[in-house]
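Engineer: Could you look at this predicted model? Sequence included:
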Amino acid sequence: MRSLTPLLVALFLPAAAAAEEIGSVGYRFKWVGPNDRIVVEAFDDPDVPGVACYIARARTGGVRGALGIAEDPSDASISCRQVGPIDVQRVAQLRSPQEVFSERASLIFKTTQVVRFWDARRRVLVYLSYTDRVIDGSPKNSVSVVPVGLN
């Protein structure tokens, strides 16, 4: 029964986009442990087939980074594109705003998130990336727009 518990929990959690690492570059040398780096990841919008987003963000290296206990900077950049057909009727029925991606940026208190908005007047999906923290968030953000159903 113990082996089924994680599976049952996963079945009842909402589906979240999983990021795929595209690549990274080092930007700060560390004498011990991995260097600080900027990572580029891609994820597909879980509710809008045909939209992919690319997010670039800093990852802290060193011993703390290698152990997974470092706090990453709050800087992130996002770019989203149409990569296939988009169902306009389905998009119009989506909840707005809605979180489409979330990943931790520290051991427990900080996350990098992407929230999607539907701008019906302009017929665009707006993707906002930002980092929040339980006590003190950051106003640093990035935005990307994907036109929907424009000929």
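Structural biologist: Yes, it's here.
Engineer: can you pull out the helices in the protein?
Structural biologist: All helices of the chain, identified by DSSP state H, fall at 5-12, 62-67, 88-92.
Engineer: Out of those, which gets the lowest mean score?
Structural biologist: Lowest mean pLDDT within those: helix 5-12, a mean of 35.
Engineer: Let's check: the centremost residue of the chain is which one?
Structural biologist: The centre of the chain sits closest to residue 101, judged by C-alpha atoms, centre = their mean, with a distance of 4.0 Å.
Engineer: Let me see the contact set for the nearest residue to that residue once chain neighbours are set aside.
Structural biologist: Once flanking residues are discounted, residue 101 sits nearest to residue 114: 3.9 Å by C-beta to C-beta, 6 or more residues apart in numbering. C-beta: built from backbone N, CA, C; applies to glycine. For residue 114, the contact set (C-beta atoms under 8 Å, 6 or more residues apart in numbering) comprises 17, 43, 53, 55, 78, 99-102, 127-129.
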